[in-house]
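Give me a 3D structure for the following:
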Amino acid sequence: MRGVAEMFGFKEPVRSPSFTIVNRYPVENSTVKRILHVDFYRLDDPSEIVPLALEEEVGRPDTVTFIEWPEKAEGRISEASQYIVFVADGDTRTITLLVPPRD
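Numbers count the residues shown, from 1 in each chain. Here you go, the predicted structure:
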């Protein structure tokens, strides 16, 4: 996240959202105005998403959203247009970009 936030011009320290569930980073970029970093790992029930007001931000064209553990949301957030899957195995890491076909 730190590298992505810096790439979009965010200058402050980037924190892990593990205890806050979501961090919002305002950025000054020609097309991206904010980055959302969401971590649903500690989510006990999908209804806990409602107070976060993510439905107003996820999917906006000026917002880049990274969601860890999205399966814990059980469909309560809009579908992503692209997925980045990180798999760590010992000293190696595989990063895959999944783009669903367009209709």
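
Pick out the residue nearest the middle of the chain.
Central residue of the chain (Cα atoms, centre = their mean): Phe66, 1.4 Å from the mean position.

tell me the phi and psi of that one?
Dihedral pair for Phe66: phi -110, psi 120, per degrees, to the nearest 10.

Any regions of this protein where pLDDT drops low?
Applying pLDDT under 70 to the chain flags the ranges 17-18, 78-82, 99-103.

before we move on, the earlier item: not counting sequence-adjacent ones, nearest residue to the residue nearest to the centre of the chain?
Here the nearest residue to Phe66 in space, its sequence neighbours aside, is His37; by Cβ to Cβ, 6 or more residues apart in numbering that works out to 5.0 Å. Bear in mind the C-beta positions are built from the backbone N, C-alpha and C, glycine included.

Neighbouring strands - and their directions - for the helix or strand hosting that neighbour?
If you go by DSSP states H and E, His37 is part of strand 34-39. Here strand 34-39 has these sheet partners by DSSP bridges: strand 22-26 (antiparallel), strand 63-68 (parallel).

Pick the most deeply packed of these.
Ranked by mean neighbour count, the strands paired with strand 34-39 are led by strand 63-68 with a mean of 18 (mean count of other Cβ atoms under 10 Å).

that older thread, ok, what's across the strand from the residue nearest to Phe66?
His37 has these beta-bridge partners by DSSP bridges: Asn23, Phe66.

and it, how many residues sit next to it?
Residues near His37, counting by other Cβ atoms under 10 Å, number 22.

Might one say that Ile95 is in contact with Tyr83?
No. Contact criterion Cβ atoms under 8 Å: Ile95 and Tyr83 do not qualify, at 11.0 Å.

So between these two, which is more surrounded?
A direct count of neighbours by other Cβ under 10 Å for Ile95 and Tyr83 places Tyr83 higher, at 13 against 8.

Distance check, that one against Asp39.
Tyr83 sits 16 Å away from Asp39 when distances are taken as Cβ to Cβ, to the nearest Å.
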